[in-house]
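Asks: this one's sequence-less:
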């Protein structure tokens, strides 16, 4: 239980640094020792808040999912049509990538899922399931309003969009070419709108 402002700050700082390290290196490429060095504290202080690395991973992913849900809620209530909502959705990924070519936390963890603790892997799966459902709803609304067109089910189209955005981030990072990501996302959205 976090009761003081100092502990809350340390708790959140641990999560912030862990998120940055995972988004840039991956889950298996950082340790509690890395966190302790960056924070200037002992590893015992990390273990106070998170007894195991899996505990840290679950807490981090729950926070990430909550923040992402808040972003999606803001997009949904912003009043734009489905085309605007899809563009704003893609912009979330673009904003993440613009920060030192970082990947989506769950995209990075998805690449490591077979080596993740089961509880951490389950949180990654929840992120993608929730995101897919939200996108399918937006795509369904857009198709009904005849603002976008696509073949197949909205779920399939949602999966394709997630895969495109996550994959474009990885390839753009590998090519060290930020504009690659922007071009792929825009081309896909224009194709939906034009169809």
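Replies: Okay, I see it. These numbers come from a predicted model, not from an experiment. Numbering: from 1, shown residues only.
Asks: Let me know the pLDDT of residue 154.
Replies: Residue 154 carries a pLDDT value of 97.
Asks: excluding its backbone neighbours, what's nearest residue 42?
Replies: Distances taken as C-beta to C-beta, 6 or more residues apart in numbering put residue 36 closest to residue 42, at 5.9 Å, once the chain neighbours are dropped. For the C-beta atoms, the positions are set from N, CA and C on the backbone; glycine is no exception.
Asks: Let me fix that, I meant to ask about residue 150.
Replies: residue 157 (4.9 Å).
Asks: Next SSE downstream of the helix or strand where the one you found lies?
Replies: Per DSSP states H and E: residue 157 is located in helix 154-175. Heading C-terminal from helix 154-175, the first helix or strand you meet, by DSSP H and E, is helix 178-194.
Asks: returning to that earlier point: next, the buried residues of the helix holding residue 157.
Replies: Using 16 or more other C-beta atoms under 10 Å as the test for burial, helix 154-175 gives 154, 157-159, 161-162, 164-166, 168-170, 172-173.
Asks: Then stretch 28-47?
Replies: Within stretch 28-47, the residues that count as buried by 16+ other C-beta under 10 Å are 30, 32, 34, 35, 36, 38, 39, 45, 46.
Asks: so the fourth one, which of the three states?
Replies: Going by DSSP: H, G, I helix; E, B strand; the rest coil, the secondary structure assigned to residue 35 is helix.
Asks: tally of neighbours for residue 144?
Replies: By the criterion of other C-beta atoms under 10 Å, residue 144 has 10 neighbours.
Asks: How about residue 54?
Replies: Neighbours of residue 54 (other C-beta under 10 Å): 16.
Asks: Do I have it right that it meets residue 117?
Replies: Yes. Under the criterion of C-beta atoms under 8 Å, residue 54 makes contact with residue 117 at 3.9 Å.
Asks: isn't the residue nearest to residue 42 right up against residue 43?
Replies: Yes. Judged on C-beta under 8 Å, residue 36 makes contact with residue 43 at a distance of 4.6 Å.
Asks: so what's the residue nearest to residue 150 up against?
Replies: Contact analysis of residue 157 by C-beta atoms under 8 Å, 6 or more residues apart in numbering lists 135, 136, 139, 150, 192.
Asks: go on, residue 182?
Replies: Counting by C-beta under 8 Å, 6+ apart, residue 182 has contacts residue 94.
Asks: how close does it get to residue 166?
Replies: Noted for residue 182: a distance of 15 Å to residue 166, by C-beta to C-beta, to the nearest Å.
Asks: can you check residue 19 too?
Replies: Distance from residue 19 to residue 166, by C-beta to C-beta: 17 Å.
Asks: Near the nearest residue to residue 159 once chain neighbours are set aside, how many residues? Count them for me, please.
Replies: Nearest residue to residue 159 in three dimensions, chain neighbours excluded: residue 132, at 6.1 Å (C-beta to C-beta, 6+ apart). When neighbours are counted by other C-beta under 10 Å, residue 132 registers 18.
Asks: Report the angle between the helix ranked longest in the chain and helix 154-175.
Replies: Taking DSSP state H as the criterion, the chain has its longest helix at helix 118-144. Per axes from the mean of the first three to the mean of the last three C-alpha atoms, to 10 degrees, the angle that helix 118-144 makes with helix 154-175 is 120 degrees.
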